[in-house]
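A.B. asks: give me a 3D structure for the following:
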Amino acid sequence: MSLFNKKYRTLTDEQLMELVAEKDKQAFSELYDRYSTALVNYFFRMLWKDREKSEDFMHDLFTKLIQKPHLYQSGRNFKTWLYSIANNMCKNEYRKQEVRKNTVNMDTPNAMGEDGSEAIRSMDRKDFDKELELALAELDEKKRAVFEMRFHEDLSIKEISEALECSEGTVKSRIFYTIKFLNGKLKHFEKAVNAILLIICSMLY
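C.D. replies: Numbers count the residues shown, from 1 in each chain. From the prediction side, this is the model:
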């Protein structure tokens, strides 16, 4: 790796975004490397496990970023801003799908990643994944977005509140509702649910 590339890797997201606003292609490439995979996975879970759509959405988001860098407000946490854009893109897609609901197969988001405790890994993941998907599909998009950001993306309560533009209290309320809901829906997967809840609840305060 050249010293030139190392320089960019030491910069913060916010510093890189300032350079992107100045048409710095290397800064854009560094941000892409940092977030493209995570965003594809986020869209994949939120948009009915459609890999092609997920990749398209990721590319659309980065296209917006490089074409309209002025949309980013200097001083704001870049990561939370990026996920707020991603969340808004999902909400817009939900509205479009609702309009076409009679002709589109509305599958449910895949809500299990590779992280989790031994309790999750040792059980029948296929059955659990399926039932968790069905349970999450019953939640509204706001609660599902909080679940995805906390469990899969490991965003803090503060980061989620900034990304979704709501109070930290609202984020916690949605988490507590989801915990109660999953406990009721997945009682026969008690160990796995408890493992998930430990991950969701860590850093809750």
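
A.B. asks: touching, Met17 and Asn77? I think so.
C.D. replies: No - applying C-beta atoms under 8 Å, one finds Met17 not in contact with Asn77, separated by 10.7 Å. Every residue, glycine included, has its C-beta placed from N, CA and C.

A.B. asks: the more surrounded of the two?
C.D. replies: Legend: neighbour count by other C-beta atoms under 10 Å for Met17 and Asn77, higher for Met17 (23 against 16).

A.B. asks: element containing the more buried one?
C.D. replies: Using DSSP states H and E, Met17 falls within helix 13-20.

A.B. asks: Asp56 too?
C.D. replies: Using DSSP H and E, Asp56 sits in helix 51-67.

A.B. asks: list the buried residues in that helix.
C.D. replies: 54, 57-58, 61-62, 65 (16 or more other C-beta atoms under 10 Å).

A.B. asks: now do the same contact list for Val146.
C.D. replies: 160, 164, 171, 174-175, 178 (C-beta atoms under 8 Å, 6 or more residues apart in numbering).

A.B. asks: what's the farthest-apart pair in those?
C.D. replies: Spatial extent of the contacts of Val146 (C-beta to C-beta) is set by the pair Leu164 and Thr178 at 13.9 Å.

A.B. asks: low-confidence stretches in the chain?
C.D. replies: The chain contains residues with pLDDT under 70 at 1-5, 99-125, 190-205.
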